[in-house]
Every structure is written in structure tokens, then in C-alpha cells.
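**Student:** next comes the sequence, and after it the predicted model I'd like to discuss.
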Amino acid sequence: MYKVLIADDEKIIRMGLCSIIDWNAEGFEIIGLAANGSEALQVIEQSNPDVVMIDIRMPKLHGLDAIREARAAGFTGRVIVLSGYSDFEYAQTAINYGVLSYLTKPVDKEQLLSVIRKIRQELDEKARAEESRDEFFNKTRKSLLRGFFTEELSLNDAEQRVLGLTHSGYQVLFYEKYDQNTEDISYSLADILRVANADEQEIETVQIDDSQVLLLKGHHPIERLSQLLEKYENELPPEKNSPLDQLFIACGSVVKHVSEIPRSYHEALHMMSRRFFCDENQHSMLYDESIEAESEEAPDLSSEERQELKQRIITEYSDRLVNNIQVFNRNKTAETLQQLRTMLYNAPLSIEDEKNLSVDIYLKIKEKLLLLYSQSEIPFQANSSVLQYIMNSCYLHEILRFFSEQFDMIMTSIGYSSRDSIIDDVIYYIDHNFQTNITLENIAPLFGYNSSYLGKIFSKKMGMNFNAYLDHVRTEKAKEILTTSKAQVYKVAEMVGYKNVDYFHIKFKKHTGCSPAEYRKQNS
């Protein structure tokens, strides 16, 4: 609706003009009635109407004088002059003040409608032109900022002034929805920061690719952001469905000069790329120079070196976690997962590489445990489900929590609840790993003991030392293989953990009184 002021010293004429046509149907609303020129001028100054219908001769201040003063003060609205005198001199003066129409009283309805509709058309065209101009300027403004942030272009002094880059401090930040699986966020971070900041020009919003980027200019929005981030730190988790709960913010550092703004942008971008490593309920990341230093120090690996690193991590952590699971040591499992988190955080690998690596670690553990506990009912998830879960995870802590839950389930399913002493756990481990290079020294740390002390309590519990028990288990397994298969003796030795076939002969004869070949012949 366009705003209309009607000014006439005769009340009956003011009322008549209000009702002579349906103003609302024509796109106008009457926002004021004035009985003299002074009142009219006051309304013009306060409300800046789009159209003024004003009588020439009025008390205190004539209509044309009121228009002259309003024009001098910057009023640009349309003016329709009303007069009871068909006087060319008045009409000529009115034209000098930019008056659009000169209507004589009593006003003819059709003539007024014609004038009003012409004004409506002009105002609509002007509004469209201004909207188009503003839209063009806004696009140009955002295009300049995008290019400046990404260092594709530089800004001259005039462009800096147009963009309002005349402050003593700047900060760039990215924001996006916290929960990647929800609908779009219902809060605008720019609006939140403007709550205590009336100057909208101090906050610029730009979309770059799929990211929302904010440029804060001056002390007020930067201080407001600082207060907001403090709230993040002090309210974990944030109140459900609050702005804090829906947003994730990555911030560059505060810089003092316009030329440093691209640096703050790249810092914020780098922080956003590290979001995968956030802790649970962490809603913000501030640029830290130490992180950048570590990133710069990280070696630039070739594809072969990268593949070698990934394979080394997979082998090391799958072996360690299998051992932790087998000895039912939940504390060690948690500690190893935390060490894996640190390893992945610092590794010069992409997020996609690290997700694939996590899948490989899990599948390697599954493969080993299925081989070790082929008789056990372990409710492993399907490989496709594991792959989908890990690859769709937004955070590393989600993947590690999944690992922890799976490993706890595995420990329970392979018999953790029946183990009531540390030696039972050691025996259980030996019974399932005798074929490996197992020694008291390399398994004692798995149970949280030094080898000397573990050896003493093992001997006391079992009536024989660790090595004797291991030889006994290996011999019993060898006897089973010799009588149920045609495997050659050297192969049987390898299958039960002896790398040297002659040493196997010695140990086997010590326990059975005969050689492996003789035992097979006697018991086949």
C-alpha cells in the first residue's frame, strides 16, 4: 500500500476526499489528515507519504509554501494540488514545485481516479526499478566479497568504502546446521548477532558453494559473537531447539586490517574442514595457530606412502584391539580407541580416507575374531550396514562410539561374563591364540600386569609355569590334527605355533613319549 496525506482546511472536504473513491482498492491507504499547512508539513516530515493532496489556501501556512519547504527538506513524493480557483498563476507555481496534478474543487471522481491510477503506475514502476537496482547492487556486493575472500580479486579504496570496510577489526566465520540429518536451520546467525547491534551494515552475509559465510565488521558484532561462543562453552548440551542447539560455527581469527580479511576467511574454512574431529556436543571451533602449524608440518605424502600409512594403521590397531577384546579388557580397549582418535586427528589423510580406514579396521577385527571364535555365536552386523554407518557419520566420535559398543557386545558374546579371575582370562587367551608367537612378556601388558608377577600367579594357580601350559595346549591340538588330517608333520608344527619342526618334535615327544609320526600311526 502506498501512503496518502490529505490536507484541507475544510473538514467536509477532507471527509469527502476520504470517501469519494475506494483508496484501498486502488493500492493506497490514508495515513493522515491535516487542517492547515503547518500540520501538513509536520506529517510529511514524520511519515514521508508517497502522495500528498493539499489545498493551496490554508491557515498558518499555504499549501504551496508547505510543499516548497518539504521539497527543500528532501521530500520527493507526488503532490496533487487542490484549489477553488482556476488560476493559471497558481498552476504555474505548483509546477515549479514538482506538483503532478492541479484539481479544482469540487473534485470530480473520475478525474481523481485517473490521476491516482497514473500515480500508482508510476510508483509501481519506480518500486520495480529500485528493487531491480537493489538486487543488482546486492549481487554485485556479494560477488565482490566472494572474490575478495577467496583472493580471486583485490579491492581498491573506492570499493572498500562501498562495502563499508572502514572498521578497526574484522572476523570471518562459517556456520551450518549442527545435526546434518535434520531439515534446514530455522535461525539466521546474522539475525542472532544483530539482536544487540542496530547497525545492519556491520554484518555481511555471503553464500560460497554450500556454506553460509559471515563477515563481522567492528567491535559490536565481534563482541556479540564472543559472548555467544562463551555460551556454547558454558552450556553443554545447549537447550533443545535453541539457536545454540541448531548451529555449528567455525571462526577465523580477528584481524585489524582489510588486507587480512582473506586470512581470517581461510582460517574459518580450515576449521570447518576439521569439524569431523569435534567432540560430542561441540558446537563451535575457533582458529588455533597450533593446529595450522601441525598441518603445515605434516608431510605431503605420495599415493604409495599414503597407502602404506593406511595399511600400517589398519594392521596395528586391528591387532591391538583384537588382543584387548580377547582379554576382556574394556579399559585397554577404550584407551586404544582414544589413541586411534589421536592418530587419525594428526594423520595427513582426507576425511574420506579416514572413514574408509575405519571400515577396514572393523572388518579386519571381525575377520580375525570369526577365525579365532568359529564356534561362538557373535552377532556381528552385516558388512554393508557397517560401511553405511561409518561413511554416513558426521563425526569421528560417532565411529569410535560404534566401535566401543560393538566390542563390548563381542566380549559378552564370547564369554566375558563367565570369566571370574585374571588367570581364567589368560587361559582363555592362550586357548585361542596358541598358534601365534605368544609369550608371557608380550601378553602380560594386555592384562595390566608385568610378566614377572603374572608368571608367579599363573604358576600358583595352574601348578605349572606359563610355557609348560602353552606347550601342553599346543601338543593337545597337534594330537587332534595328526589324527584327523593328513597334514605333513612340519605343517602341523606351524599350525600349532612352532616355527621350528625339530623343536616341535622335542616338545611333542616330551609330552607323549613318542614322535608325531609314531603318534599318528598308533592312533590313526
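**Tutor:** That came in fine, so what should we check first? From a predicted model like this one, the values you see are computed outputs, not experimental measurements. Residues are numbered from 1 along each chain as shown.
**Student:** what segments of the protein are strands?
**Tutor:** If you assign secondary structure with DSSP state E, the strands in the chain sit at 2-7, 28-34, 51-55, 78-83, 101-104, 170-177, 203-208, 211-217, 247-251, 284-286.
**Student:** show me what the fourth one packs onto, helices and strands only.
**Tutor:** Strand 78-83 sits against strand 51-55, helix 63-72, helix 88-96, strand 101-104, helix 109-149, with contacts defined as 3 or more Cβ pairs under 8 Å, 6 or more residues apart in numbering; DSSP states H and E. All C-beta atoms are positioned from the backbone trio N, CA, C, and that covers glycine.
**Student:** restricting to C-alpha, output it in PDB.
**Tutor:** Extracted C-alpha coordinates of strand 78-83, given in PDB (Å, rounded to 0.1, in the frame of the first residue of the first chain):
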ATOM      1  CA  ARG A  78       3.900  13.000  -5.600                       C
ATOM      2  CA  VAL A  79       1.800  16.200  -5.000                       C
ATOM      3  CA  ILE A  80      -1.800  16.900  -6.100                       C
ATOM      4  CA  VAL A  81      -2.900  20.500  -5.600                       C
ATOM      5  CA  LEU A  82      -6.500  21.300  -4.700                       C
ATOM      6  CA  SER A  83      -7.900  24.800  -5.300                       C
END
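**Student:** let's have the chain start at 603 instead
**Tutor:** New numbering, starting at 603: the last item is strand 680-685.
**Student:** that strand pairs with which strands?
**Tutor:** Here strand 680-685 has these sheet partners by DSSP bridges: strand 653-657 (parallel), strand 703-706 (parallel).
**Student:** quick one: average pLDDT of the last one?
**Tutor:** Read that as strand 703-706. Mean pLDDT, strand 703-706: 80.
**Student:** off-centre distance for it?
**Tutor:** Mean C-alpha position of strand 703-706 versus that of the full chain (Cα atoms, centre = their mean, to the nearest Å) differs by 63 Å.
**Student:** so which bits of that strand are buried?
**Tutor:** By neighbour count on 16 or more other Cβ atoms under 10 Å, the buried set for strand 703-706 is S703, Y704.
**Student:** now the helices for the stretch 853-1002 of the chain?
**Tutor:** Along the stretch 853-1002 of the chain, counting by DSSP state H, counting those that start in this stretch, helices occupy 863-875, 891-899, 905-928, 932-948, 953-974, 985-994, 998-1015.
**Student:** looking at those helices, which one is packed in the most?
**Tutor:** Neighbour counts (mean count of other Cβ atoms under 10 Å) averaged over each of the helices of the stretch 853-1002 of the chain peak at helix 863-875, with a mean of 20.
**Student:** what angle do that one and strand 805-810 make?
**Tutor:** Interaxial angle, helix 863-875 versus strand 805-810 (axes from the mean of the first three to the mean of the last three Cα atoms, to 10 degrees): 60 degrees.
**Student:** go ahead and confirm V815 touches L791.
**Tutor:** No: with contact defined as Cβ atoms under 8 Å, V815 does not reach L791; the gap is 10.4 Å.
**Student:** quick check: neighbours shared by the two?
**Tutor:** Residues touching both V815 and L791 (Cβ atoms under 8 Å, 6 or more residues apart in numbering): L775.
**Student:** before we move on, the earlier item: which of the helices of the stretch 853-1002 of the chain has the lowest mean pLDDT?
**Tutor:** The weakest mean pLDDT among the helices of the stretch 853-1002 of the chain belongs to helix 891-899, with a mean of 57.
**Student:** of all the strands paired with strand 680-685, which one comes closest to G771?
**Tutor:** Closest to G771 of these is strand 653-657 (Cβ to Cβ; 45.1 Å).
**Student:** give me the distance from the closest one to the chain's centre.
**Tutor:** Its chain's C-alpha centre and that of strand 653-657 lie 56 Å apart, by Cα atoms, centre = their mean.
**Student:** what's it in contact with?
**Tutor:** Contacts with strand 653-657, where a contact means Cβ under 8 Å, 6+ apart, come from 604-612, 615, 619, 630, 636, 639, 642, 646, 665, 668-669, 672, 679-685, 707, 718, 721.
**Student:** for Y1100, grab the count of nearby residues.
**Tutor:** 22 (other Cβ atoms under 10 Å).
**Student:** list the contacts of the nearest residue to it once chain neighbours are set aside.
**Tutor:** Spatial nearest neighbour of Y1100, excluding adjacent residues (Cβ to Cβ, 6 or more residues apart in numbering): F1106 at 3.9 Å. When contacts are counted by Cβ under 8 Å, 6+ apart, F1106 touches A1080, V1091, V1094, A1095, V1098, Y1100, P1118.
**Student:** quick one: the residue lying closest to the fourth one once chain neighbours are set aside and K1123, what's the gap?
**Tutor:** In space, and not counting its chain neighbours, A1095 is closest to F1106: 3.7 Å by Cβ to Cβ, 6+ apart. From F1106 across to K1123, the span is 17 Å (Cβ to Cβ, to the nearest Å).
**Student:** R865 now?
**Tutor:** According to Cβ to Cβ, R865 stands 81 Å off from K1123.
**Student:** and what of Y947?
**Tutor:** 60 Å.
**Student:** now do V709
**Tutor:** Between V709 and K1123 the computed distance is 130 Å (Cβ to Cβ).
**Student:** comparing the two, which residue is more hemmed in?
**Tutor:** Shown here are V709 and K1123; by other Cβ under 10 Å, V709 has more neighbours (17 against 11).
**Student:** wait, which of the contacts of F1106 is closest to L965?
**Tutor:** Nearest to L965 out of the contacts of F1106 is V1098 (Cβ to Cβ; 27.1 Å).
**Student:** could you double-check that that closest one sits in contact with F1036?
**Tutor:** Yes: with contact defined as Cβ under 8 Å, V1098 counts as touching F1036 (6.5 Å).
**Student:** contacts for stretch 994-1014 next, please.
**Tutor:** Residues contacting stretch 994-1014 (Cβ under 8 Å, 6+ apart): 782, 877-882, 923, 926-927, 930, 932, 935-936, 939, 942-943, 946-947, 956-957, 960, 964, 967, 971, 980-983, 991-992.
**Student:** repeat that for 6 Å
**Tutor:** The contact list for stretch 994-1014, computed with Cβ atoms under 6 Å, 6 or more residues apart in numbering, reads 782, 878-880, 882, 927, 930, 935, 939, 943, 960, 980, 992.
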